[in-house]
Each structure stands twice: as structure tokens, then as C-alpha cells.
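> Attaching a predicted model along with its sequence, questions to come.
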Protein chains: 2
Amino acid sequence: MEKKTDTANIETKIDLLLKKSNLSVTGGRRRILELFLQHDGALSHGDIEKKAGEKFDRVTIYRTLQAFLEKGLIHSIPTSDNSIRYALCKDDCSDGHHHDDHVHFICTACGTTVCLEEVTLPAIKLPRGYTTEQVEVLVSGVCKSCNH
Amino acid sequence: MEKKTDTANIETKIDLLLKKSNLSVTGGRRRILELFLQHDGALSHGDIEKKAGEKFDRVTIYRTLQAFLEKGLIHSIPTSDNSIRYALCKDDCSDGHHHDDHVHFICTACGTTVCLEEVTLPAIKLPRGYTTEQVEVLVSGVCKSCNH
DNA sequence: ACACCATTCGCAACATCGTTGCAAATAATT
DNA sequence: AATTATTTGCAACGATGTTGCGAATGGTGT
Ligand SMILES: [Mn+2]
Ligand SMILES: [Mn+2]
Ligand SMILES: [Zn+2]
Ligand SMILES: [Zn+2]
């Protein structure tokens, strides 16, 4: 009676995401993508290294993050402390072309970094002669849960 | 005939700045502060290491930047590429308490980072529950000189 | 000008982070 | 199942940043 669910290859959301991005599905990629899906905050390379119970080589994590970035699965968030964080992209991010028009927030209490998708970027009017390509807004403060 | 200018100890702007910040004036600090004064773009640790003709130890540069930061002589600018840049503060920045309410710009062509003092920070309205402490705005694009 | 003390400097040693080349392992394709 | 393309782990390396400590130097008072 388990034949159907068995053979029908329960393609999890994760596998689908990977295939949709033209990435061959491997153990490491599955696990790292899983971490991003079950954690709504952003993750650094170090975070992943710790949270991934099963040990993957550091290099594999670097390369996986690189691959995810290039395929538009994740985007990077610059921080003041010289440690890049990564967060899942919304569905409409494809191959390097991102639509991350939102603000990033870093909690000074718990340290978590989140994407505030509902806060859109302000228009920045630059002096004559400058051309805008991209705007990054980084707000630090105390997050919802740390404020009780 | 050089007695006067000689003994009168030509206290350069640099020495005054250092003393005003309660920093003893040394060769390294003079040179690094000089670099900041004659370069209007922001400088990274690496930039300073290269530009300072006379060779200072890496550690000295780290410690000098740290001291300048603490005394409010410079402020740091986070970048996407994991390399912190530093820029001179305006005069009203004292001991850790900064008034850097301006936007930072990184040129994708020449790589220079500048403070756009004339562009003030936008107000960012966060969702309920979040408290704002600091806002960083980082704009990338093409700078004035690279646009002809 | 000199001596004293506090601060800073240079060096060595170390830790962390990130990159590259290559051979073995694994995934996709036929 | 065999072939091919991709990914992985390992080792080695470079870059970056930190710390401890003795030597050098700056500030200060005589
Ligand atoms: Mn985001
Ligand atoms: Mn600035
Ligand atoms: Zn928090
Ligand atoms: Zn430029």
C-alpha cells in the first residue's frame, strides 16, 4: 500500500527549487537550502557550518553559496561587521537578476538579520553626475521579538 | 634668519587634529591622517598599506584605525565585498558619537567610495515592534568623474 | 637638556576566512 | 549499466585580523 507514495518520488519543495535553478541535487545543496527554508533570518557561512549537523567541507559550503547566488536562489546582505549574510530570494529572482527592493534589518540585541520585504527602498536623489545602479539600506536596532 | 619659523614649531593641521583627539602624535598617525586628508575618497586598510610609502607594520595600521575610530576622527563604511572602508568625519564628530547622516556611494567603474555629505538619509518607517537605532544607505553606480 | 613614565611600535605567533588545483565520488544522461 | 558531466573533499595556500611582549618613542616635569 505504500507503492504509490514510494515510487512516485516525493519530490520535495527543495528538490524542485534546485532543479528549477538548473542545479543538480546533492546532499549538501539539499541540506543548505533546507536550512534557509526553515530559518527565516539570514545566514552567514559560519552559521551554516554550525547548523548543518552532518559535516560538509567548508569549501563545499562556499561553493554552494556561490552557486545559489549565481542562480538567484539567495542574495547577500552586507553588514557592518565584515561578515556577509545570505537570505532566500523571492520567487521572481532569476539568474542573477534580483528584485530585492527591500530593507534589511539587524537586531543589536539578538544579532539576527532579516529581510523586511514590506519596507520598500526609498528613492535616493544623488548629486548631478552620479548614476544609481543599486541601493542598499541597512537598519540596525531592536527587533520585534527582542522588544517583548 | 630661519630662527623664527624654525623654533615656532610649525604645527600642521594634522598635529592639531591629533592633539584635539587626545592622541599622541607619532609618525604613523601623522602619515595615515595625512592620507585621509589628501584623499577625499574612503580608504581601506589595504589602501593605506599600499599608499603609505614608508612601511608601517600592518598591526600599527590596524591599531591606528581603531584609535581614530574611537576618537571620532574617522567612521567606517560597510561594503558589499566584505572590506571595510574608512572616511574622515566632519568636525562635529566627537568621541564615538558620530553625526554621519549621509549616504555612501561606491563607483562600480573606478571602485572609489565617497561620502555624499549633501545627501541626507531618508526616513525609514519600520513595521510595528521594530526600533531603529541606525540607518546605513549604500548606493552603487557610476561616479561623477567616471561619467566623463 | 635630561630623566622618567606612559604609550606606541614592530615582530612573531596565531586564528579565521576565503580561494584554487586536483583526484575521487557522485549525479545526470544515454 | 555504461558514459559523461558535475560536485565533493582534501591539501595547500594567501589574505585578513588579533594578541602578547620587549624595544622604541612620545609626553611631561625637572
Ligand atoms: Mn533581503
Ligand atoms: Mn561617510
Ligand atoms: Zn532581536
Ligand atoms: Zn568612478
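Perfect, thanks for sending it. Ligands and ions are numbered 1, 2, ... in the order given.

> quick one: the residue nearest to residue A:35 when sequence neighbours are not counted and DNA strand D, what's the gap?
Residue nearest to residue A:35 in three dimensions, not counting chain neighbours: residue A:51, with 5.6 Å by Cβ to Cβ, 6 or more residues apart in numbering or on different chains. Backbone N, C-alpha and C define where each C-beta goes, glycine included. Residue A:51 sits 15 Å away from DNA strand D, going by Cβ to the nearest atom of the strand, to the nearest Å.

> Likewise for residue A:28?
Counting by Cβ to the nearest atom of the strand - residue A:28 and DNA strand D are separated by 4 Å.

> The helix or strand where that residue lies close to DNA strand C?
Here residue A:28, judged by DSSP states H and E, is contained in helix A:27-38. Yes - with Cβ under 7 Å from any atom of the strand as the criterion, DNA strand C is reached by helix A:27-38 at residue A:27.

> can you list the residues that contact that helix?
For helix A:27-38, contacts defined as Cβ atoms under 8 Å, 6 or more residues apart in numbering or on different chains pick out A:13-15, A:17-18, A:23, A:43, A:48, A:51-52, A:54, A:56, A:60-61, A:64-65, A:67-68, A:73-74, A:86-88.

> Next: stretch A:109-117.
With Cβ under 8 Å, 6+ apart as the test, stretch A:109-117 has contacts from A:40-42, A:77, A:79, A:85, A:87, A:90, A:100, A:102-107, A:139, A:142-143, A:145-146, B:126-127, B:130.

> same thing but 6 Å
A:41, A:42, A:77, A:85, A:87, A:102, A:103, A:105, A:106, A:142, A:146 (Cβ atoms under 6 Å, 6 or more residues apart in numbering or on different chains).

> Start and end of it, how far apart?
End-to-end distance of stretch A:109-117 (Cα to Cα, to the nearest Å): 21 Å.

> how deep is the closest residue to residue A:88 other than its chain neighbours tucked in, by neighbour count?
Computed as Cβ to Cβ, 6+ apart, the closest residue to residue A:88 that is not its neighbour in sequence is residue A:36, at 4.9 Å. Number of residues near residue A:36 (other Cβ atoms under 10 Å in any protein chain shown) recorded here: 21.
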